[in-house]
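Participant: With the sequence up front, the predicted model follows.
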2 protein chains.
Amino acid sequence: MDTAVDIPSTLTDEELRRLDAYWRAANYLSVGQIYLLDNPLLREPLTAEHVKPRLLGHWGTSPGLNLIYAHLNRAIVARDLSALFVTGPGHGGPAIVANTWLEGTWSERYPGVGRDEAGMARLFRQFSFPGGIPSHVAAEVPGSIHEGGELGYALSHAYGAAFDHPDLLVACVVGDGEAETGPLAGSWLSTVFLNPARDGAVLPILHLNGYKIANPTVLDRIPESDLLAMLRGYGYQPYVVAGDEPAAVHEALAGTLDRALDEIAEIQRRARSGATSERPRWPMIVLRTPKGWTGPREVDGKQVEGTYHAHQVPLSNVRSNPEHLAELERWLRSYRPEELFDATGAPVAELAALPPTGDRRMSANPVTNGGTVLRDLVLPDFRDYAVDVPRPGATATGATGELGGWIRDVIAANPQTFRLFGPDEVASNRLQAAFEVTDRAWMATTVPGDDHLSPDGRVMEVLSEHLCQGWLEGYLLTGRHGLFTSYEAFIHIVDSMVNQHAKWLKVTRDIPWRMPVASLNYLLSSHVWRQDHNGFSHQDPGFIDHVMNKKAEVVRVYLPPDANTLLSTMDHCLRSRHYVNVVVAGKQTAPNWLTMDEAVQHCRRGVGIWDWASTDGGSEPDVVLACAGDVPTLETLAAADLLRRHLPDLKVRVINVVDLMRLQPSSEHPHGLPDSAFDTLFTRDKPIIFAYHGYPWLIHRLTYRRTNHHNLHVRGYKEEGTTTTPFDMVMLNDLDRFHLVIDVIDRVPGLGDRVAYLRQEMTDARDAARDHTRRYGEDDPRVAQWRWVRETDPTNP
Amino acid sequence: MDTAVDIPSTLTDEELRRLDAYWRAANYLSVGQIYLLDNPLLREPLTAEHVKPRLLGHWGTSPGLNLIYAHLNRAIVARDLSALFVTGPGHGGPAIVANTWLEGTWSERYPGVGRDEAGMARLFRQFSFPGGIPSHVAAEVPGSIHEGGELGYALSHAYGAAFDHPDLLVACVVGDGEAETGPLAGSWLSTVFLNPARDGAVLPILHLNGYKIANPTVLDRIPESDLLAMLRGYGYQPYVVAGDEPAAVHEALAGTLDRALDEIAEIQRRARSGATSERPRWPMIVLRTPKGWTGPREVDGKQVEGTYHAHQVPLSNVRSNPEHLAELERWLRSYRPEELFDATGAPVAELAALPPTGDRRMSANPVTNGGTVLRDLVLPDFRDYAVDVPRPGATATGATGELGGWIRDVIAANPQTFRLFGPDEVASNRLQAAFEVTDRAWMATTVPGDDHLSPDGRVMEVLSEHLCQGWLEGYLLTGRHGLFTSYEAFIHIVDSMVNQHAKWLKVTRDIPWRMPVASLNYLLSSHVWRQDHNGFSHQDPGFIDHVMNKKAEVVRVYLPPDANTLLSTMDHCLRSRHYVNVVVAGKQTAPNWLTMDEAVQHCRRGVGIWDWASTDGGSEPDVVLACAGDVPTLETLAAADLLRRHLPDLKVRVINVVDLMRLQPSSEHPHGLPDSAFDTLFTRDKPIIFAYHGYPWLIHRLTYRRTNHHNLHVRGYKEEGTTTTPFDMVMLNDLDRFHLVIDVIDRVPGLGDRVAYLRQEMTDARDAARDHTRRYGEDDPRVAQWRWVRETDPTNP
Ligand SMILES: Cc1ncc(C[n+]2csc(CCOP(=O)(O)OP(=O)(O)O)c2C)c(N)n1
Ligand SMILES: Cc1ncc(C[n+]2csc(CCOP(=O)(O)OP(=O)(O)O)c2C)c(N)n1
Ligand SMILES: [Mg+2]
Ligand SMILES: [Mg+2]
């Protein structure tokens, strides 16, 4: 079968010799970074003082990464490719740093680290060194689009980078250990969503070095025929390059890479000529070479090269063990540095000539610094999509459905730079208006009756939150925009991916040459309160809590209470840069509270008094009813209505919070309200009954330093739920209007006996509402059809 | 090729007819649950009043689940199998509930819902109804081992259930949508870890009904040859059963199931006879039938059967639209209920005779109610593994390494009921002593030099946190014990899985017939403060925060400060039931503080004053130094030491917290300290400087209701990190000893001018420590080699 056969290269011996020299140089520089403090070119015999006291880093993956990088460089020059290198085994920092230094990018970004002997010394010293650079292919490394610390996302990032970049080749190295992760395994089928006519190409290179940290890898130890069947099943044409003889591997890899790139070119030519819109069989490479190749074969009698012992630092006692020291020196000298670097320490001319130059260098490709190619979205004026709100609560719509119209037009207006991502939930979350102007991306077969599937679709739907997230991250990091819509509960699936992205945003803020990228935007719907079809498993508002632990300067959380505020919020998010924006909004029909003008103003404030719902007449209230989230807002207003009717003298202030960060002290978050402003709004000493969308503790966490915190009583989701009616859900968690009134009664001092009857009425109302659901299976219409009505309204019953 | 060829069954027409009748009965009951409030047997013409007002549930997947269930029942009886049904498309609640009612288990568990007409009416009414049961295959459903709400974990749960259950057949239905998720994709290769001689069998049934919520599925629309290649690549022998003609599908499915079960039996026979220890090619079934099969073909002119429109409720306006009502009646009557149920409403005799009886029913298999088969672990006395601590800090060890010896003996003592799980990190987290008595489970090839790989291994290592978690959940839920060890940061990968497991624990506590299972135990090491090789991407202590949002009665978090406390804590966790226990502990060499007796007592208290480190002499202190976590404890003691030397008059109380839940009010958590006890410990009015392992806000969240909360100042991880030295890491986050002393100086009133010099000394010490790392690449030995020494100790400098 052709996959396992060596494809000979057409390179001359001279060309192959040069490739090998380049590889040796990168390997030398990798080892140097892990070990050396000084004597970078081994001009003097190596001594313990030249060696770092703490040896930190990962050698095992490095020679393979270096090999691939060198061969790609050769091909990029030969074909004038625009390419990018995604490093799955991101712990291979030494390798990628070495390559960026060899091709000059490192020194351009960090002029203190020149391409000379002193620079090389600094390059070595800084690696994994206090005050230096991380051990991974982190944000500091030119050309990197992820830290690569947490394994599993290389391939989804690669596809995300390739979307809408027709001229881009994304070379993606997947570690064979990494390939065991669920997210990576779920990424192979991305080919179903990549359109060769419109998108760039991904060239996966499965780096089958056989080992992970302490174990062999599964893919290395199953029969090769199975491995190839699996990859073919995923739609690839895999080519195996295997060996441990450098010359032979160079030969085979060069030939195979050329074959793969020819095939990619042919796939793209055919697709772009319109000859076919079929899903092609994309080539990929399986590279089977030893882990820690060219490193120490044995250490202390134990085999190291070609085993997991090569994963980190093969020789670990170099400073104290003279044999280790001698072995290290032998190892370094085996690369023949004197042939690779000239008298100044710079790569010799023939090496300097090998890699591409300028933007063609993978480490300098502008898309890897996404902010530099980022263009503002063309955003239709969201005000034009306003729902009509003659008075608060007079109309009702589904917020996300209303947003859908605007999203549709955002998609239409930005046909190459914006995509919508969702795990089979775009329509369920009511953004189906998008399909008026586009389809779902789909390269597999279609049948009559299919709903908006086409190779050109700009909606990315796949039942994998990981894939949606990974694609979107890749898309954003290479300079485009996007929106991820998911069920609120299941966005936890990507908690750890958000962590890594937030870390990236945090670190890159302080790297001067990294330009801000578009924000990572979430629209979470089908939220905890309205999981009517699904119940308890689908109820979890904790993603907000999760992102709140990230650095304040990179996270934003919004809880728009209705359609117009959602429109205003989303417009804000799509304009923003370098944040993680979390927006939670309902999809079910619910009252609209604010006109568009009011909504814009309310969102600008982030938190504000709703005077039309308050009865404190502009003076000091007896109690503050605060709310955040659409359902809590509805219940709060219903409670305010009850209070107005039953306790007309009680001065109630209703506050709505749309920007959760406002609650934090201004010292903690840039959006935080100053204490004085907070005190003015929430009073210094009156009870606050806060109806919150999520877990109540979060509100306490945000406000514990506020003057009036001890008067704050929060209702929210306390992990009580099932498949039941919407009102039963809020009752289960004591967030219902009746319970909020009870909370007011219990907290406001001096209401005295006159409220005993009202309190009883409220508990009775809860019982009656519950009984109604048990009997009829739906909410009592008196509850469900409650509407906000102005006191002066003639229809007010 | 044999996979796609119909395998004819050897069943008689009569047997096939009976299978079909059983299937129709289950389908009828599924539709009835979704729609009917009354008139369950259609004894009268269907009217709108018989129909539920809110139609909630999922029809589309149900006929396929019913088909598989019926055929399995037939085979179980024929072969006297012990089997279990894992429902990937867990939204198919109606199907599994129907089957449990048909086979009698439902009525046994819920005597109010008998197998008669009144019972059927209740069965229908309760489904997705307020006060009734969830719409999913939830904990309430006998035979279920997961809610099945969040897709992706069916196969890993199935394998977990099969481990160490040699006589068990786990039939696992995987939705074709579900198969797109990363976790599911990463689960196929579980065959590499399943030993046919020791473990049971998993029979995956890929339910290729072609659609998910609103889209076709990828696996349905790639070429079938690719799909089969992929599955073969994963090591299976796939058999396709396809069709939309019931009789033909029954025939093919029965024959194929028999073939698959024959192969499984043969695989097990060969493995158990010792003939081979090779990884077998396990059979699996690909079932390609229409989504919503036997449901309405078209509704309002739109095709429904065989499309995604069948996913939830095909006819949605039954109460208001007479045509829909008529169509529903036609649909229900198409199953010919009069042939299926007798005059009393019970299944007719020939149906009642089809399924297995007693424990052979999949819904009554004892392992699906894991607590009923759970046996206590045989636990060696952890005290025997104590490290010697002649005085606090006099010895130093790696805590997890010490634990390893005990874990080793736990493994040895429980050779069928305990496993250790880890994503390639068991040795990295220093539990390698386990390999003195066992190996890593591994059925793939081995080569010389491999480290403890064998089919009989009891350590489960695969580079997939999802797989580790899924296996462990399956293992626990079917009545066994386990421990998951992971890097602290990457355990976030399974956040959402923990959510679902915690929900399961919460719900099953209130289901009387569900018996408590063993706790889900985490040992998180390589924690935020000691990620020496890896840096920022590997630094995240937020999993603790994540689990804190779960119901208090199911979560426990422990931060043992040293080896003996870790041993005591782990013993406690492995004895416990029905919790999620999170234990965070270091692997690096660190001081031991407590003798084993002290450790046991300290762990029992959960929080306690360390009098040997305190200088308040049993009286009221001037300041409380609290700490939780090994590194914060070290820094706190070093700070206490500095204070003792520099401010000998200052009365310092040192408190260590091992059980984080102690901090909460007793009203919030069963472990919570009463307010009076908290006040006594932490004082009512003295400054508390709290050095905490994780994000500092959590401590505020736990204590905001405590009297002295306004005096609480917490230091912890504030998302500052990189690859650097251990002490530089704590300095980056102001958690270092010098900063803690500064905090004391800044918070304790009345220290006056005399401390100005000390404060400056402390900032100088920070600068010096930082400079040292920048110059030498390691921590200043004066910092790194600091030891706790008693005042009276002669070696005290
Ligand atoms: C999700 C995740 N789990 C665990 C780790 C810890 N880890 C770091 S490197 C590594 C092994 C990687 O093996 P492989 O992908 O084969 O890369 P190689 O070094 O062999 O090229 C592991 C498990 C991680 N980085 N990410
Ligand atoms: C992780 C996750 N993401 C999204 C959902 C929402 N969801 C519920 S059912 C479903 C489709 C499932 O399709 P499939 O697995 O094919 O099951 P079928 O109903 O077709 O048998 C989706 C996406 C979910 N339950 N879990
Ligand atoms: Mg590897
Ligand atoms: Mg399906």
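Facilitator: Arrived safely, thanks for sending. Ligands and ions are numbered 1, 2, ... in the order given.
Participant: Give the helix, strand or coil label for the closest residue to A:Pro591 other than its chain neighbours.
Facilitator: Nearest non-adjacent residue to A:Pro591, counting by Cβ to Cβ, 6 or more residues apart in numbering or on different chains: A:Gly393, 4.2 Å away. Where C-beta positions appear, they are placed from N, C-alpha and C, glycine not excepted. The three-state assignment at A:Gly393 reads coil, by DSSP: H, G, I helix; E, B strand; the rest coil.
Participant: quick one: low-confidence parts of the stretch 601-750 of chain A?
Facilitator: Along the stretch 601-750 of chain A, segments meeting pLDDT under 70 are nowhere present.
Participant: And for chain A?
Facilitator: Looking at chain A by pLDDT under 70, you get A:1-5, A:790-797.
Participant: make it 50
Facilitator: Residues of chain A that meet the criterion pLDDT under 50 lie in A:1-4, A:793-797.
Participant: the domain parsing of it - what is it?
Facilitator: A:13-367, A:382-590, A:607-785 (the TED database).
Participant: is the first one anywhere near ligand 2?
Facilitator: No - Domain A:13-367 stays out of contact with ligand 2 when judged by Cβ under 6 Å from any ligand atom, the minimum separation being 11.1 Å.
Participant: before we move on, back to that, what is the burial count for the residue nearest to A:Pro591?
Facilitator: Each residue near A:Gly393 was counted by other Cβ atoms under 10 Å in any protein chain shown, and the total is 23.
Participant: what's the answer for A:Asp450, then?
Facilitator: A:Asp450 has 17 nearby residues by other Cβ under 10 Å.
Participant: Next: A:Val77.
Facilitator: Neighbour tally, A:Val77, other Cβ under 10 Å: 15.
Participant: Leaving out the residues flanking it, which one is nearest to it?
Facilitator: A:Pro356 (5.0 Å).
Participant: What separation is there between that neighbour and B:Asn73?
Facilitator: 65 Å (Cβ to Cβ, to the nearest Å).
Participant: so what's the residue nearest to A:Val77 up against?
Facilitator: Neighbouring residues of A:Pro356 by Cβ atoms under 8 Å, 6 or more residues apart in numbering or on different chains: A:73, A:76-77, A:103, A:362.
Participant: how close does the nearest residue to A:Leu463 once chain neighbours are set aside sit to B:Arg705?
Facilitator: Excluding its sequence neighbours, the residue lying closest to A:Leu463 (Cβ to Cβ, 6+ apart) is B:Glu180, at 4.0 Å. B:Glu180 sits 45 Å away from B:Arg705, taking Cβ to Cβ as the criterion.
Participant: For these two, indicate the residue with more neighbours.
Facilitator: Regarding B:Glu180 and B:Arg705, a neighbour count based on other Cβ under 10 Å identifies B:Glu180 as having more, with 27 against 15.
Participant: Quick one: residues contacting that one.
Facilitator: A:186, A:189, A:462-464, A:467, B:212, B:217-219.
Participant: just A:Leu203 next, same as before
Facilitator: A:169-172, A:260-261, A:264, A:282-285.
Participant: Make sure I have this right: it is in a strand.
Facilitator: Yes - if the criterion is three-state DSSP, then A:Leu203 is within a strand.
Participant: residue of the stretch 1-150 of chain A with the smallest distance to ligand 2?
Facilitator: Closest contact between the stretch 1-150 of chain A and ligand 2, by Cβ to the nearest ligand atom, is at A:Glu150 (19.2 Å).
Participant: I should have written chain A there, sorry.
Facilitator: Closest point on chain A to ligand 2, by Cβ to the nearest ligand atom, is A:Asp424, at 3.9 Å.
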